[in-house]
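Peer 1: Below: sequence and its predicted model.
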Amino acid sequence: MSTAAPRTLFAINPALDRAALARRFAATGRVQVRDVLTPESAREVLTVLAKGTAWGMATGAGEAEPKSFRAEETGTPQGQQALGAAFKAAEEHTSRGEYGFRFAHYPILTAVQEGWRGSEAHQILLEHINAPAFMELARSVTGIEGLFKADGQATLFAPGNYLGRHIDSHVAEGWEVAYVLNFARDDWHPDWGGYLLFLDEDGDVVEGFRPRFNALNLFKVPQAHMVSYVPPFAPVGRLAVTGWLRTK
């Protein structure tokens, strides 16, 4: 696949009802914006994610620093051994009710900053997320005028992947709103997991967003949330670009 990004990579759907979306966000602190991009743009981003991304792995276990494995690392015996140990640590913490996660990812911001080969299309994608059109959409929906930049990573929740309950409490770093730009399969079924779930103080699910193609999730942080476990029989297809919108 060519790494040159097409001209139609990222165009916002002009028909969005921003006032209605803003009311929804104001009431709950979260909203799913369906059909956020034009259909052609959504297909182009899907192509970048599905066919032009060298997927590594991200893991986390309790309070320890999260680990990121590049795609080339996971193909070596040493990398497989380290990845297996990281998976085990995540499972052990999760089994005790502590924080843990594992999912495939491509750290776009890191790839751009370090000049990874093959990151050109991802760089342009991140530039579009930071461009005035997307930032203005985010500000108009959230009502937070100070939003001005975003980081980002590509994520793929395959069978066996999950993201444990957490709140994203990095207020000092300027995190205001988390975003999930979804490009899941059109026919994603509830039995396949991968839902973005929001929880109250008792651990009850108060709302959940199904992975949808061309849908943008925005939610205020800190806020308790998780991505539900993707079972072994689920297909590969829960693709997204995720990150945080910042005020500093």
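Peer 2: On my side now, so go ahead.

Peer 1: Just the pLDDT at the spatially most central residue of the chain, thanks.
Peer 2: Centroid-nearest residue in the chain, with Cα atoms, centre = their mean: T242, separated by 2.6 Å. Among the per-residue scores, T242 shows a pLDDT of 98.

Peer 1: Any idea how far the helix or strand hosting it is from the middle of the chain?
Peer 2: Here T242, judged by DSSP states H and E, is contained in strand 238-246. Averaged C-alpha coordinates place strand 238-246 at 3 Å from its chain's average position (Cα atoms, centre = their mean, to the nearest Å).

Peer 1: any idea how far E72 is from the residue nearest to the centre of the chain?
Peer 2: Distance, T242 to E72, by Cβ to Cβ, to the nearest Å: 22 Å. All C-beta atoms are positioned from the backbone trio N, CA, C, and that covers glycine.

Peer 1: Backbone dihedrals for the residue of the chain most remote from its centre, please?
Peer 2: Relative to the centre of the chain, and counting by Cα atoms, centre = their mean, the farthest-placed residue is P77 at 28.6 Å. Note on P77: its backbone torsions stand at phi -60, psi -40 [degrees, to the nearest 10].

Peer 1: Could you look up the SS state of F25?
Peer 2: helix (DSSP: H, G, I helix; E, B strand; the rest coil).

Peer 1: so it makes contact with V31?
Peer 2: Yes. With contact defined as Cβ atoms under 8 Å, F25 reaches V31; the gap is 4.4 Å.

Peer 1: Identify the contacts common to those two.
Peer 2: Between them, F25 and V31 have V141, L218 as joint contacts when contacts are counted by Cβ atoms under 8 Å, 6 or more residues apart in numbering.
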